[in-house]
Structure formats: C-alpha cells, structure tokens
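In: the amino acid sequence is not available; the structure is as follows:
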C-alpha cells in the first residue's frame, strides 16, 4: 500500500513540477482539467498494475514508467502545441505544395511545385479551388469547371472581355465573387473573369498580387504579405 501511495505521489509531484515550469499553461480551466485528468489516468494505471501483480517491482515499475512517459509526452505536446503546429505546416507544405503555410499574422508562404509553378488552394464559399499564381495574367480568373462547382450559371454569362494568352486570344466574363479566401487571407467583393475556354486553370494574376503589401520569391518559396 505504501509503495502504491509513493508511486502516485511521485507521479503527482512530476505533474506539479511541469505545471510550475509553465505557469501560463494551467491558467485556463481546460488546461488544468487536462493535467488533473492525466494525473488520474496515471494513478489508476499504476494502481491497477500493482494491484494485479502485488509487490513485483520490475513489471510494476516498467509499466509505471510507460504511463509517466505517456503523460509527459501529452503535457509537453500541449505546452509546445504552437511550435508543433508550425512544424506540421512545414511538412504539409512540402508534401502538398498547394497548401498555404501561415508564417505570421499577415503572411503566407507558398512552396514551388515539381513543375516549377506555384499553386495554392483557395476557398470560394464552401468550395475549394486550386489556383495557379500567374504573374503574366492581369486578373483573377476562374476556369469554367471551377465556376460551375461554386454555383455560377456559366451558360448565362456574357463573355465580353478579350485578353491575350500564350495560345492566342481568349474571352472572359466579368463576375464579382462575394468572398475569396486563401488560408487566413480573406477578400470580399473580388472582381474576377470567368474563362470561356474549357478546360482552363483558375489563376491568381496581378490584380490579386496588387492587393498584397508585398510579395517576393525566395528560392522555392513565394512569400505573400498583406495589409491589416
């Protein structure tokens, strides 16, 4: 019995020391509940192991060490969740270059794809649209397929705009998107052009880049910064 109480006391002391090392963490009720819950789980785990195995210290201490390691990992993971989120964002950006990676309050980093272009996943309403960042395009352009997916009646549009492309001249229909989101970047009442050609990529041209406070290329990265 004394051994059980001693092990539980050691585990509780360890949790208290972790909480003391990061005084801001238990300030919120949910954080304190997390630490208490972890302590209860650890105590029950140790108690159950000792209860079934008596005073055989080897297995009991081994399982106790496993429980302690689990709790320490959970507490440290919770404490450094912001750093872990940044690391996961960087890994995701390499595995999926079209995923925008926030790098600050008003900054996004895009990663170059294998074909040498920069793509980024955006949202128009609840629909995800993959855009190609194209400094040679003057406007934001939606392909016919993407326009249909977000609910635009393409057949009712008037393709009155004429623009030059690498393949010759093309036509587009002017349209105003109520909302366009690229990661944390939110734009409202966005003028776009619906491309008449099919199939066609959706593009983020210079009219989008001019909305930025700045943009720059750094190796395989495109950094977008916008105003508050």
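Out: Cool, got the structure. Keep in mind that this is a model prediction, so the values were computed, not measured.
In: can you give me the strands for this structure?
Out: Listed from the start of the chain, the chain has strands (DSSP state E) covering 101-104, 107-111, 119-124, 127-133, 140-142, 161-165, 168-182, 185-195, 202-204, 212-218, 221-226.
In: so of these, which one's packed in deepest?
Out: Per residue and on average, the most neighbours among those fall to strand 140-142, with a mean of 27 (mean count of other Cβ atoms under 10 Å). From N, CA and C alone the C-beta is placed, and that goes for glycine too.
In: which helices and strands sit right next to that one?
Out: Under the contact criterion of 3 or more Cβ pairs under 8 Å, 6 or more residues apart in numbering; DSSP states H and E, the helices and strands touching strand 140-142 comprise strand 168-182, strand 185-195, strand 202-204.
In: so which of the strands of the chain comes closest to residue 151?
Out: When the strands of the chain are ranked by proximity to residue 151, the top entry is strand 127-133, at 7.9 Å, counting by Cβ to Cβ.
In: residues in contact with the nearest residue to residue 135 once chain neighbours are set aside?
Out: By the measure of Cβ to Cβ, 6 or more residues apart in numbering, the closest residue to residue 135 outside its immediate chain neighbours is residue 206, 6.5 Å from it. Contacts were defined as Cβ atoms under 8 Å, 6 or more residues apart in numbering; by that measure residue 206 touches 135, 137-139.
In: neighbours of the closest residue to residue 121 other than its chain neighbours, just the number please.
Out: Distance criterion Cβ to Cβ, 6+ apart; nearest residue to residue 121, sequence neighbours excluded, is residue 98 at 4.8 Å. Neighbouring residues of residue 98 were enumerated by other Cβ atoms under 10 Å; the total is 17.
In: and residue 98, how far is that from residue 138?
Out: With distances defined as Cβ to Cβ, to the nearest Å, the gap from residue 98 to residue 138 amounts to 22 Å.
In: what does residue 125 give?
Out: Using Cβ to Cβ, one obtains 24 Å as the distance from residue 125 to residue 138.
In: same check on residue 188?
Out: Distance, residue 188 to residue 138, by Cβ to Cβ: 21 Å.
In: got a list of what the nearest residue to residue 198 once chain neighbours are set aside touches?
Out: For residue 198, ignoring the flanking residues on the chain, the nearest one in space by Cβ to Cβ, 6+ apart is residue 144 at 4.5 Å. Contact criterion Cβ under 8 Å, 6+ apart gives 154, 194-200 as the residues in contact with residue 144.
In: put together JSON lines for those residues, with pLDDT on each row.
Out: Formatted as JSON lines, these follow (pLDDT from 0 to 100):
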{"residue": "154", "pLDDT": "93"}
{"residue": "194", "pLDDT": "95"}
{"residue": "195", "pLDDT": "92"}
{"residue": "196", "pLDDT": "90"}
{"residue": "197", "pLDDT": "86"}
{"residue": "198", "pLDDT": "79"}
{"residue": "199", "pLDDT": "76"}
{"residue": "200", "pLDDT": "84"}
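In: give me the buried subset of the residues you listed.
Out: Members of the contacts of residue 144 that pass the buried threshold by neighbour count (16 or more other Cβ atoms under 10 Å) are listed as 154, 194-195, 200.
In: ok so, going back, could you dump the helices and strands packed on strand 140-142 to a markdown table with distance to residue 221?
Out: Conversion of the helices and strands packed on strand 140-142 to a markdown table gives the following (distance: least, Cβ to Cβ, whole Å):
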| stretch | distance to residue 221 |
| --- | --- |
| strand 168-182 | 15 |
| strand 185-195 | 16 |
| strand 202-204 | 16 |
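In: compare those strands and give me the one nearest residue 211.
Out: Closest among the helices and strands packed on strand 140-142, using Cβ to Cβ: strand 185-195, at 6.7 Å.
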